[in-house]
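Chemist: Predicted structure and sequence below. I'll ask about it afterward.
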Amino acid sequence: MQSESNKYEFEALFNNAAIGIIIVDSVGTILLVNQFALQQFGYQDNEVIGQKIEKLIPQRFKARHETHRDRYHNHNPHSRPMGTGLDLYAAKKDGTEFPVEVSLSTYTTPEGRFTIAFVSDITIRKESQDALVKLNAALEEKVKERTLSLEEALEKEKELNELKSRFVSMASHEFRTPLSTILSSAYLVSKYVESEEQPKRDKHIQRIISSVNMLTDILNDFLSVGKIEEGKIQVRIFDVDIPETVSSLLNELFHILKKGQKISYKHDGSNITLIDAALLKHILMNLVSNAIKFSPEDSTISVTSAVTENEFVLSVKDEGVGISEEDQQHLFQRFFRGANVTNIQGTGLGLHIVSKYAELMNGHITYETALNKGTKFIITFKNNHTI
């Protein structure tokens, strides 16, 4: 009676277990399958009994599984999890694969040695783990992006602080001369009280005006660099009459020409192109002012412009001191000044600003230079429409 009772208890446990249970013999033939396992795999009882266990294994793993199964049965089989550290998969009747977790147990009877496989479908757990991995990867990427953004922001702040420090250092030097000129000229003007001394007063008044303009240029350069670094320069593209705009600006610069200097200007092609007139004027003002500043008396500054169907080219050529090969590699850096022009006032910001303004308008700057033979700057703006 006890044996009969145990049999019923085993059958109840076997058939009502909430886990797939499969019993195979020593050669892998399926002897028993509980109802839960049949539901997991989508088979009827008579479709798997007597079949090899590999029937429930994906085709790509069958040969390998036979080797592992034989090794397990022939070399000290014992109770253990199957495939520790590996991703295990089973195959349903319709060929669908699903991830599983398998534990093995063995027992021996007079009829031979048998293995019980406890099979758990871990699809939901696997999906949760995969989702967690993806979430972690996304979070790590987000952290990396934010870290990079923070590093970029800190680097930007560092650059701006360096820019401010360089400006303070530069300003303390460059402001000294014009401020001294203004002070001394203002003092001397006050001393010329006679009417016949008006020419002397006019001379010092002009020196004051020139020095104020110099200070204004320095401040404008610094403000322009600050706006560039902060991305606050807005490009406004309109139809611009190039010969008219260039000629008008050049007329404003005649008063700073040295003795005997002159400016020649030539234009080719269409007159109208699309460009930001304000930025163009700043570029031209900077290049021509530099050409005047670095060229000797009785020299010619040559300005050319050309508008074609695909581009607008502006060039400014001087007859000045030229740029050494060593200095050329630093030419467009902020605050850089050539070794051969340290006796000429300047901020070292002009060409940096020119190059950045050119980039903002889809242009680039090149140059031709030789020591004591002058320098020619060429700015080419691509894809400008002409009329």
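Modeler: Arrived safely, thanks for sending.
Chemist: Show me where this protein has its helices.
Modeler: Secondary structure of the chain (DSSP state H): helices at 2-16, 35-41, 45-48, 62-74, 123-174, 176-191, 198-229, 242-253, 277-294, 325-328, 350-360.
Chemist: Pop the domain breakdown of the chain in here.
Modeler: Structural domains assigned to the chain are 2-121, 233-382, following automatic domain parsing.
Chemist: So for Ala137, which of those sits nearest?
Modeler: Between Ala137 and these, the shortest gap by Cβ to Cβ is with domain 2-121, which sits at 17.9 Å. Yep, even glycine has a C-beta here, placed from its N, CA and C like the rest.
Chemist: Now render the domains of the chain as a markdown table, adding mean neighbour count, distance to Leu139 and mean pLDDT.
Modeler: Below are the domains of the chain laid out as a markdown table (neighbours: other Cβ atoms under 10 Å; distance: least, Cβ to Cβ, whole Å; pLDDT from 0 to 100):
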| stretch | mean neighbour count | distance to Leu139 | mean pLDDT |
| --- | --- | --- | --- |
| domain 2-121 | 14 | 23 | 85 |
| domain 233-382 | 17 | 36 | 85 |
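Chemist: For Leu148, which of those is the nearest?
Modeler: Taking Cβ to Cβ, domain 233-382 is the member of the domains of the chain nearest to Leu148, at 23.2 Å.
Chemist: which helices and strands does the lengthiest strand in the chain pack with?
Modeler: The longest strand of the chain (DSSP state E) is strand 97-109. Under the contact definition 3 or more Cβ pairs under 8 Å, 6 or more residues apart in numbering; DSSP states H and E, strand 97-109 sits against strand 80-81, strand 88-91, strand 112-121, helix 123-174.
Chemist: and the ones you listed as CSV, adding distance to Gly320?
Modeler: Shown next, in CSV, are the helices and strands packed on strand 97-109 (distance: least, Cβ to Cβ, whole Å):
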stretch, distance to Gly320
strand 80-81, 84
strand 88-91, 78
strand 112-121, 83
helix 123-174, 20
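Chemist: I'd like to know which of these is closest to Lys281.
Modeler: If you check each of the helices and strands packed on strand 97-109 against Lys281 by Cβ to Cβ, helix 123-174 wins as the nearest, at 23.0 Å.
Chemist: Also compute the angle for the closest one relative to strand 97-109, please.
Modeler: Angle of helix 123-174 versus strand 97-109, following axes from the mean of the first three to the mean of the last three Cα atoms, to 10 degrees, is 130 degrees.
Chemist: Start at 21, not 1
Modeler: I'll keep to 21 as the first residue from here, and by that count the last item is helix 143-194.
Chemist: Need the mean per-residue confidence for helix 143-194.
Modeler: On average, the pLDDT along helix 143-194 is 79.
Chemist: Distance from the chain centre to it, please.
Modeler: Taking Cα atoms, centre = their mean, to the nearest Å, one finds the center of helix 143-194 at 11 Å from the center of the full chain.
Chemist: follow-up on the earlier one: out of the helices of the chain, which gets nearest to Pro130?
Modeler: Using Cβ to Cβ, the nearest of the helices of the chain to Pro130 is helix 22-36, at 15.6 Å.
Chemist: Name the residues linked to His331 by a beta bridge.
Modeler: That one is not His; residue 331 is Glu. In this structure, Glu331 bridges to Lys402 when assessed by DSSP bridges.
Chemist: ok, back up a step: got CSV for the domains of the chain, with distance to Glu214 too?
Modeler: CSV is the format used below for those (distance: least, Cβ to Cβ, whole Å):
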stretch, distance to Glu214
domain 22-141, 104
domain 253-402, 27
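Chemist: right, so of the helices and strands packed on strand 117-129, which gets closest to Gly280?
Modeler: So among the helices and strands packed on strand 117-129, helix 143-194 is nearest, using Cβ to Cβ, at 27.0 Å.
Chemist: Show me what that closest one is packed up against.
Modeler: strand 117-129, helix 218-249.
Chemist: how far does the first one sit from the chain's center?
Modeler: Relative to its parent chain, strand 117-129 has a centroid offset of 52 Å by Cα atoms, centre = their mean.
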